[in-house]
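Colleague: Everything below, folded, please.
(5 chains, ligands or ions: 4)
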Amino acid sequence: IGGGGGGGADGPGGLVVIGYPESGIQLFRDYYSVSDGSEEILVPDGLRDGAMPGQVGNDMENVTGTAPAAGGPNQDAFNSLFQDEYGSSPGVFTSQSYDSVALQLLANAAAGENSGTAIRDQMRRIANPEGMTVTPNNLVEGVEAAANGDDVNYQGASSATNFDQNGDPASAAYAIWEFNADEGAAETQEVQSFEGENPEGSGPSADSGPGGSDREISVGILLPETGDLASVGAPMIQAAQLPAMQVNDANPAGLSVNAQVEDTQTSPSAGTAAAESLISAGVPSVCGSASSGVNVPVSQQVFIPNEVVGCSPSSTALSVTNLDDNDYIFRTAPSDRLQGRVMAQVMAERLEVSSVSTLYVNNDYGQQLSNRFASVFEDTFDGEVYRQTAFNIGESSYSSVVETALSAPDS
Amino acid sequence: MSVRDDLAARIPGGDTGLILSILLIVYAAYVLVGVGLGYSLRGQFNTIAVLTFYIAVFAMLALALNLHWGYTGLFNIGIVGFMAIGIYVMAFVSKPLYQPGGAAQVGGLGLPIIVGMIAGTVAAALVGLVVALPALRLRADYLAIVTIAMSEIVRFSFLSGEFEQFELFGTRVGFGGGSGLILNYTDPLTAFFEVFGLGGAYLGLVDAFGALVPNNPKPVVDSLVYGLLLLLFVAAYYWLLKRTGESPFGRVLKAIREDEDVANSLGKDTNRFKTKAFMLGCGLMGLAGVLWFMRSGAVTPNTFRPRITFFVWIALIIGGAGSNTGSVLGGAVFAALLYQGPRYLKNLIDAALPNASAPSGFGPAIAPLVSNVDPTPLLLYTIDSIRQLQLVFMGLVLIWLMHNRPEGMLGHRKETAAGIPLTASQARDKTAETDGGTTGGEADE
Amino acid sequence: MSDVPSSTGSEIDTDEPDGAAGVPDADDAESGSLDLGAGGPDVGEPYPLEVENLRKSFGGITAVDDASFSVERGSLTGLIGPNGAGKSTTFNLITGMLQPDAGSVTFDGEEITGETPHAIANRGLVRTFQIARELQEMTVLENMMLAPKFQRGEALWRSVTPGFRDDVIEQESELLERVWAVLEFFEIDHIAEEYAGNLSGGQRKLLELARALLTDPDMLLLDEPFAGVNPSLERRLLDHIHELREQGYTFLLVEHDMDLIMENCERVIVLHQGQVLTEGSPDEIQANEEVIEAYLGGNV
Amino acid sequence: MGISETYTRGRELAVTRPGSVLLGLVGVVLLFDLLVSLVTGTQSLSGVGSLVWDGLMRGLVIGLAGIGLSMTYSILNFANFAHGDYITAGAFSGWATTYLIAGLGRADVGALLLVGASGSVFGGTLGIGVTGTPVAVVAGIVVAGISTVLLALLIDRTVFKPIRDEDGITLLITSVGVAFALRYLMQFVFSSSVRGTTAQPPSLSLYLVDGAVRINAHDIALVVVAGSLMLGVHLLLQLTKLGKAMRAMADNEDLAQITGIPTERVVRAVWVVGGGLTGVAGYIFILWKGTLGFNDGWLLLLLIFAAVILGGIGSIYGAIVGGLAIGLTASLSVIWIPSSFSRAAAFFVMIVLLLVKPEGLFSGRSTA
Amino acid sequence: MSADADSDIATETVDSDDADAAGVSQETVPDREPDALLEVRDLDAGYGDLQILTDVDLDVADGEYVTIVGPNGAGKSTVMKSVFGLTNLMGGTVLFDGGDITGLRPEDIIHEGIGYVPQNDNVFASLTVRENLEMGAYILDEVPQDALDAVFDRFPILEERESQKAGTMSGGQQQMLAMGRALMLDPSLLLLDEPSAGLAPDLVDDMFDRIDAINDDGTAVLMVEQNAKEALRRCDRGYVLANGKNRYMDDGDTLLNDEQVRQDFLGG
Ligand SMILES: Nc1ncnc2c1ncn2[C@@H]1O[C@H](COP(=O)(O)OP(=O)(O)OP(=O)(O)O)[C@@H](O)[C@H]1O
Ligand SMILES: Nc1ncnc2c1ncn2[C@@H]1O[C@H](COP(=O)(O)OP(=O)(O)OP(=O)(O)O)[C@@H](O)[C@H]1O
Ligand SMILES: [Mg+2]
Ligand SMILES: [Mg+2]
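Modeller: Numbering: from 1, shown residues only, chains lettered A, B, ... in the order given. Ligands and ions are numbered 1, 2, ... in the order given. Next comes the predicted model:
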């Protein structure tokens, strides 16, 4: 196990960096300017951005990533859809965003009305097995079937999208990926699947869907266009708009979709205000919001009391699982409980590192994932976590945090 | 030169009339926009409730700031820090005890909500005291920098892992660090009605409302009622601050704003007056923070960035520093036009031009204009980016105001700092008859 | 503090051009008396103000150097000296605006060295500034209403709590009448509703003096109150200062106008280079070689 | 008398001394703590060395940007909250130039002019850096300076000049408006994403006992540019009447007018000098840290204020020393306190120093 | 010195709201003098919207010594400021040396050869005494050493306190400094607003002597004084201003001896 350059010989052998590109670019730049890159670095989904090496100005060869695999059965179908529409390759959480909206459209078609409660009851029915398999490729047919009251089983781009008791994905696959600087891409090396106790999903669900034709489905998209997550949010919004476009182009069963986009500005208060305006517009279900820091207040203050379904494509924090939500809150991204475990395993077994420090963005996501990683890494894999260091978004230099993370453990 | 030659004089009903008529116009405009957007009745009610909420919180904050700046000349740009303290302390006190398994990572002290609100207000006032003790000796612009730095220190403290969780009285409490706090106490509104034993009556009202909004009327009624409650708070703030200003106490504050040495040499303990006024204002800001966020389900430290402080300043300046009426008006106008307005404007435009898809960036937006003089993409991009441009617009409004109406919408109205009207005619009359002492007493009612 | 509004007897010479200071009618002194409603100052020590070995230096300059003097109750005492002798600095030291390096100040038998300016003012020792400092964005009336000490409504709770506020308002009305009386006396009642910032240099001086009187002081320290005041008004003011003095108020007056000092003061203290050069009656001072050398004739 | 003397002395001790005494004490404790952790090995010497270097670099940026703020603060008598966004504006204009020159023919001109908005082109791919594309960097610096001067003059002409006679707070509030408008206009044009702007610069390692401090070419560029500009300003103010006129205006503008100082010309000169420095500071700030976002200047602004106030408003040396103090505090604080408090520590130092020495370290001397 | 200053002045009454304004000597509008240095005609000026001066006329001939007296708030300082372009001019003209300087910026007016010592705030408080004096010669390329020496001769205390911050000087010392600063450029017209205010008696005399001397050297002086008797005694011509209007104009001694003027404005 090699020691860090700047951190001296006693530094950790590996680093876990949890964050977003917004500050990740700066952080990695500062890392490469104090270290010779001898640490093994593991990053989660938040930093899966093929542009990172280009932005950092380094190949980032010592970086390995994990991410909820956009490893659903129909990933490729989604990729080409996205590529065709926007002429660029999809980014992180785009497939989850697509799935989130697709599921809501299906549930809405099956429910036959723009009612949050009815949609909630349909969510598992159209997502979990039994019935016609619907994929991004045949979404239009799927919507038609749902509107006819048929059973459908959506198989998404990001996963099989089966919901468990909590409204979380019942199973999850994680990709282990590395940067390819030349291609400007993050390439999946391997996919690991985790199946929960009920991979087929579980939880309350309606037995049948009334369906209905010739109506307008309304759906809200509440994602960050500005603020810290702007760069992640923009492609997510694009992806979220795809299902609506598909349906509007084909008008199955006379259905059309009115998709309203609101910006959370990555801020809880702006997010809440935006959600309120979706409620005013009578939206029964919303794809959003992106980060847990926004998702939790928006769900608590707006979605749950107003009986509106919220299905976040990217809020992975543990707290969302445990919300007292009357079953209105779903998500298509798996909980970080799983990812923390995967990361610990990758660190210990694949990268063969036994001493680690973590550097995490100071919010729900970073804090909980870092904690989860640390506890699994120490308890299950006998590793040692020197320290967990938080960093704040928007600093102009992370050299000192990087120094701290690379330094020897407190004695 | 008349001090009170202003807008209110031209509107029947004076100040109240002015405020009411402006509110009326604002609400009417929103209802119209709602009609344009095809909102259901529920949507309309919801819009009104949300609008009322923001009008109320900005009015409260502007009023509190007016005490600092308008009356005492204390340039406080750390408002958001006091709000953060208010809501965080309130959450700390009122959150239920920690229970493993819930969404909340930490618990609170489990005390009643009202205790939490008082604690939040008091805590903000006390932090005000801590800032005041050293900082009030500084020049206005230094005080500004100190207060904004303080608000950032507060934010960093709530962000920090050190206070994330700790043990107190054997239970796990804390401020949640970067993940913030989940506000898992009973809904304050419910709690409020239950305190007065009105829980049942309130549910009756909700049911009655079901006639208008059949499906799940509770959240709509909740927000409407909460909005109204906040307006009551605004009225209370107004009343309190008006009395504060129109009194010998307020007079000393005004004197401090003008020249502290003079007030001092006339035997006024200026530091005490300043500290009191500062603490009162900070407490009111803390309470406004509580009222703003207490029903928001969760709070995170990064909500409390300086931007909100500047919003409050814009609100105050729109209305006119020095005037309580102006502060309320400024809060209302800011909330309706600058804060919430652009969102509705964009939705309206979107509704009018449904299928226009905007380019994804400035590059693709401007290229057609340059290459073949096609401004449409740029226009679409502009509309699509209205949320960013909203802040540009706020900036321009601020500049315009400072250029053209630095004294605010209402014109120059430094309200007289005395419990009785200080006019020549009145006093002149009184020199004739000795007993005129009670005539001027009702100035503030 | 008296509850009875004072009788107001100052009359404006209506023949005067507007805004121009009136010519004092010397014989009107009695009827034009100004009662501050305070029933006159307390009578206590014969020397209300005693300054002992006061010293203050700024860097290398010793502005006040071991100065000791006392002021007799009910007197109008002049403090003179060349420019830079340390007169204003002495005022600042006495009133707590500056802390002395050494020495003590005693007022009414109690040591007040190092007390805060407001505490000293509240003891009844009030000053005016050499360069008038009015509260610009407040009207003249507000400026005046500010002055009276210990107003009930200065307690925040009393000002806002229903019930108690009536008290406050009652007192305000009483004060207002006193204020009008004083304003009329100083002939600035016609600008009562004007912002103080819009006054002319001389009007500001008047306002400042009027305001100081309203604090109901036992002793007033006046730093060149007449600089820039029209001579007619100056005479009128002096008459009333004399009158107040007879009621028992004590004045310490810094002034450069020797004629004025000689005609009006019963005692004169001469400061020179921070030290008390001499003190005595005007005649003694005028005859004193040292004074002539240092101040009246010689070079600075 | 005895009482009074004790009182006076006690008061003096309580007012003037304890601040400094306490500060000194705290310093000693911190230093001791550092020594202990160095000896026990919890801190490595090279690690501390790296922190010091990082702090110095930050400090130079803050100091350089602070000079402009300090100058306008003292003569126009207001705290310019738009200053941070002038920094950003300078950075964007300069970097657009650098991208254009470095990438001409290799990428779409639009993408280059928008400084690679939303990942369309990477500075790293273009090999940008002082060693890789020196011409592009120099051109960028020049353009950054010039365009910020123009921007500052334009805003002064349209926004500040009409309200020149108002008090400082009015201008301050107005500048907040300018800041908002400018910042979000830049976001509108250049998008809100952060981009990496440079290729990894060559670096050398200074070996300390237990490791190395790495210093790269951009650090050195920063030192050279900042150092020479600071020297330049010093000479400018010493050798021309501008410095004196600035001080007179800072003191009493009406009187300065009466004395025949062409106040408007001086104001313009100050914007030119201050704006130029600010723009260049923005450029090299980005060169040094390697990323560019629309918020960068604003996030730096509070630290700059802290530095300027610390150093004493109006003094260029004050700005420089204050900048270094703030930069070092922000970097080195992680040795003792959690890193999330590093900014807080910088503010805290400012507040404490304000209390001990309200006029700042170099108060009242704007050019010397 | 214009010996004929009073010879060709026609007297006429100016309308006034006061019944007894028709005093012995009356407000006059002099004919335009061929050698007039400063001519103020029909000046209306004020602050913001507030008009203070109404139809003020005023002349200073080359080398003449003119004093303005009047009650507090009459607008005396406003006249001075208006000449120097520091008020809101609402009407009328200001001619200097035949050229129109109405509304010029102060920095241009100083180039014309007018020096001005304002009533308040007349030193740079944070600059040293020497720097203050140097600022007086700002528009020159070099600080004229002889002018500096002359000022130091006149006010030795300034040389002694050369490096003291002006703001820490006593009130009287500041007044001297302000005078000194204005003299640095050797102006052809000097505007002095209450130069003797706050000065010790010997310095008052000294100050008036200096002003006489300056005037004797050919510099015209326009002075506002509350020390009216002394000022009128020494000047060539005096104006009495009240309520923002011309009230009386005559040569100094005449005004001084006029019963009405003494009664109303000079304190008997
Ligand atoms: N803050 C200060 N710093 C340095 N020197 C000072 C300060 N304040 C006053 N001085 C000096 O102390 C001396 C006394 O000044 P002071 O203002 O008391 O004089 P004064 O007697 O009031 O004169 P005047 O009649 O001219 O007003 C002067 O030489 C002055 O320069
Ligand atoms: N900056 C100002 N803004 C508004 N009004 C002003 C201002 N300065 C002076 N005034 C008003 O203008 C009038 C004339 O003032 P000015 O200073 O010219 O009087 P003055 O004759 O010099 O009096 P004094 O002898 O007291 O100095 C006064 O009534 C005053 O209130
Ligand atoms: Mg003095
Ligand atoms: Mg004057």
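Colleague: Need the three-state assignment for the residue nearest to A:Ser193 when sequence neighbours are not counted.
Modeller: Once flanking residues are discounted, A:Ser193 sits nearest to A:Ala173: 4.4 Å by C-beta to C-beta, 6 or more residues apart in numbering or on different chains. C-beta: built from backbone N, CA, C; applies to glycine. The three-state label given to A:Ala173 by DSSP: H, G, I helix; E, B strand; the rest coil is strand.
Colleague: Per-residue pLDDT of A:Ala173, please?
Modeller: For A:Ala173, the pLDDT comes out at 80.
Colleague: so how far is chain B from the spatially most central residue of chain E?
Modeller: Residue closest to the mean C-alpha point of chain E, counted by C-alpha atoms, centre = their mean, is E:Met223 at 2.7 Å. Distance, E:Met223 to chain B, by C-beta to the nearest C-beta, to the nearest Å: 30 Å.
Colleague: name the helices or strands packed onto the helix or strand harbouring that residue?
Modeller: Using DSSP states H and E, E:Met223 sits within strand E:220-224. Judged by 3 or more C-beta pairs under 8 Å, 6 or more residues apart in numbering or on different chains; DSSP states H and E, the packing partners of strand E:220-224 are strand E:36-47, strand E:50-61, strand E:65-69, helix E:76-83, strand E:189-193, helix E:201-216.
Colleague: Using JSON lines, lay out the ones you listed together with mean neighbour count and mean pLDDT.
Modeller: Listed next are these as JSON lines, based on neighbours: other C-beta atoms under 10 Å in any protein chain shown; pLDDT from 0 to 100:
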{"stretch": "strand E:36-47", "mean neighbour count": "20", "mean pLDDT": "90"}
{"stretch": "strand E:50-61", "mean neighbour count": "21", "mean pLDDT": "90"}
{"stretch": "strand E:65-69", "mean neighbour count": "27", "mean pLDDT": "91"}
{"stretch": "helix E:76-83", "mean neighbour count": "25", "mean pLDDT": "90"}
{"stretch": "strand E:189-193", "mean neighbour count": "25", "mean pLDDT": "90"}
{"stretch": "helix E:201-216", "mean neighbour count": "18", "mean pLDDT": "82"}
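Colleague: who are the neighbours in contact with the residue nearest to the centre of chain E?
Modeller: By C-beta atoms under 8 Å, 6 or more residues apart in numbering or on different chains, the contact set of E:Met223 is E:Tyr65, E:Val66, E:Thr67, E:Ile68, E:Leu191, E:Leu192, E:Asp193, E:Pro195, E:Ile211, E:Ala231, E:Cys235.
Colleague: Pick out the residue nearest the middle of chain B.
Modeller: Nearest to the geometric centre of chain B sits B:Phe58, at 2.5 Å (C-alpha atoms, centre = their mean).
Colleague: For it, which non-adjacent residue is spatially closest?
Modeller: B:Phe58's closest residue in space is B:Gly331 (C-beta to C-beta, 6+ apart), at 3.6 Å.
Colleague: what's the helix or strand for the one you found?
Modeller: Following DSSP H and E, one finds B:Gly331 within helix B:324-333.
Colleague: chain center to that helix: distance?
Modeller: In this view, helix B:324-333 has its centroid 10 Å away from the chain centroid, taken as C-alpha atoms, centre = their mean, to the nearest Å.
Colleague: got the CA positions of that helix in CSV?
Modeller: In CSV, the C-alpha atoms belonging to helix B:324-333 read as follows (Å, rounded to 0.1, in the frame of the first residue of the first chain):
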residue,chain,number,x,y,z
ASN,B,324,-43.2,50.6,9.0
THR,B,325,-46.1,50.9,6.5
GLY,B,326,-43.5,50.9,3.8
SER,B,327,-41.9,47.8,5.2
VAL,B,328,-45.1,45.9,5.0
LEU,B,329,-45.8,47.2,1.6
GLY,B,330,-42.3,46.4,0.4
GLY,B,331,-42.5,42.9,1.7
ALA,B,332,-45.8,42.4,-0.2
VAL,B,333,-44.6,43.9,-3.4
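Colleague: Averaged pLDDT, it. What do you get?
Modeller: 91.
Colleague: packing partners for it?
Modeller: helix B:14-36, helix B:41-65, helix B:218-245, helix B:306-319.
Colleague: Now do stretch B:160-179, average pLDDT.
Modeller: The model assigns stretch B:160-179 a mean pLDDT of 83.
Colleague: picking up where we left off before, what's the least confident stretch among the helices and strands packed on helix B:324-333?
Modeller: helix B:14-36 (a mean of 86).
Colleague: Now do it against helix B:41-65, angle only.
Modeller: Here helix B:14-36 points in a direction 150 degrees away from that of helix B:41-65 (axes from the mean of the first three to the mean of the last three C-alpha atoms, to 10 degrees).
Colleague: In contact with residue 361: list those residues for me.
Modeller: Because you didn't say which chain, this covers chain A. Here A:Val361 is in contact with A:Ile18, A:Gly19, A:Tyr20, A:Ser23, A:Gly46, A:Ala390, A:Phe391, A:Asn392, A:Ile393, B:Gly178 (criterion: C-beta under 8 Å, 6+ apart).
Colleague: Not quite, go with chain D.
Modeller: For D:Leu361, the contacting residues are D:Leu310, D:Gly311, D:Gly312, D:Gly318, D:Val321, D:Gly322, D:Leu353, by C-beta under 8 Å, 6+ apart.
Colleague: Specify which member of those residues is nearest to chain E.
Modeller: D:Gly312 (11.7 Å; C-beta to the nearest C-beta).
Colleague: Disregarding flanking residues, what is the spatial nearest neighbour of the closest one?
Modeller: Residue nearest to D:Gly312 in three dimensions, not counting chain neighbours: D:Gly360, with 2.7 Å by C-beta to C-beta, 6+ apart.
Colleague: do the same with A:Gln301
Modeller: B:Gly297 is the one closest to A:Gln301 (C-beta to C-beta, 6+ apart), at 4.1 Å.
Colleague: Name the nearest residue to whatever residue of the stretch 151-300 of chain B ends up closest to ligand 4, sequence neighbours excluded.
Modeller: Minimum separation of the stretch 151-300 of chain B from ligand 4 (C-beta to the ion) falls at B:Asp259, amounting to 19.9 Å. Closest residue to B:Asp259 apart from its sequence neighbours, by C-beta to C-beta, 6+ apart: C:Arg133 at 5.3 Å.
Colleague: likewise E:Leu38?
Modeller: E:Leu38 sits nearest to E:Val60 (C-beta to C-beta, 6+ apart), 4.1 Å away.
Colleague: who's in contact with the one you found?
Modeller: Going by C-beta under 8 Å, 6+ apart, the list of residues near E:Val60 reads E:Ala36, E:Leu37, E:Leu38, E:Val66, E:Leu189, E:Ala220, E:Val221, E:Leu222.
Colleague: Say whether ligand 4 is contacted by stretch E:230-249.
Modeller: No: using C-beta under 5 Å from the ion, no contact is recorded between stretch E:230-249 and ligand 4, whose separation bottoms out at 10.3 Å.
Colleague: was I right about B:Leu18 contacting B:Gly326?
Modeller: No: using C-beta atoms under 8 Å, B:Leu18 is not in contact with B:Gly326, being 9.8 Å away.
Colleague: ok, B:Ser157 to ligand 3 distance?
Modeller: With distances taken as C-beta to the ion, to the nearest Å, B:Ser157 is found 49 Å from ligand 3.
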